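# sequence-free structure coming up:
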């Protein structure tokens, strides 16, 4: 038996497990939209595992924070915007999900 998860359910699951602390609402909604688009494009349903998602993805809201965590990648320390870093990370095989106030990165 499967249950469809709405954006509200997704946000509530993070809150109920205490995993919402490092996330903003826009960041979590960007991740939710990404997962839905991935399911639609691949036809593969994703099981909601909040702990797994919280471990695999992280939200970044400043260029300096990303540069600190990914300084080992060519081009990241010299990047001048979050969008530029997101493109570099995509080329390096990471998932980068931009949203209005930052980017969600998974690897």
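That came through fine. These numbers come from a predicted model, not from an experiment. Residues are numbered from 1 along each chain as shown.

# which stretches of the protein form helices?
7-16, 25-42, 50-56, 63-69, 82-91 (DSSP state H).

# The fourth one: which residues count as buried?
I take that to be helix 63-69. 63, 66-67 (16 or more other C-beta atoms under 10 Å). Where C-beta positions appear, they are placed from N, C-alpha and C, glycine not excepted.

# for the helices of the chain, which one ends up most surrounded?
helix 82-91 (a mean of 18; mean count of other C-beta atoms under 10 Å).

# rewinding a little: any idea which of the buried residues of helix 63-69 is closest to residue 44?
residue 66 (28.8 Å; C-beta to C-beta).

# Pull the contacting residues for the closest one.
Applying C-beta atoms under 8 Å, 6 or more residues apart in numbering, one finds that residue 66 lies in contact with 60, 76, 79, 82, 85, 103, 105.

# ok, and the closest non-adjacent residue to the third one?
Here the nearest residue to residue 79 in space, its sequence neighbours aside, is residue 85; by C-beta to C-beta, 6 or more residues apart in numbering that works out to 4.4 Å.

# re earlier: out of the helices of the chain, nearest to residue 98?
Checking these against residue 98 by C-beta to C-beta gives helix 82-91 as the closest, at 5.3 Å.

# Thank you, goodbye.
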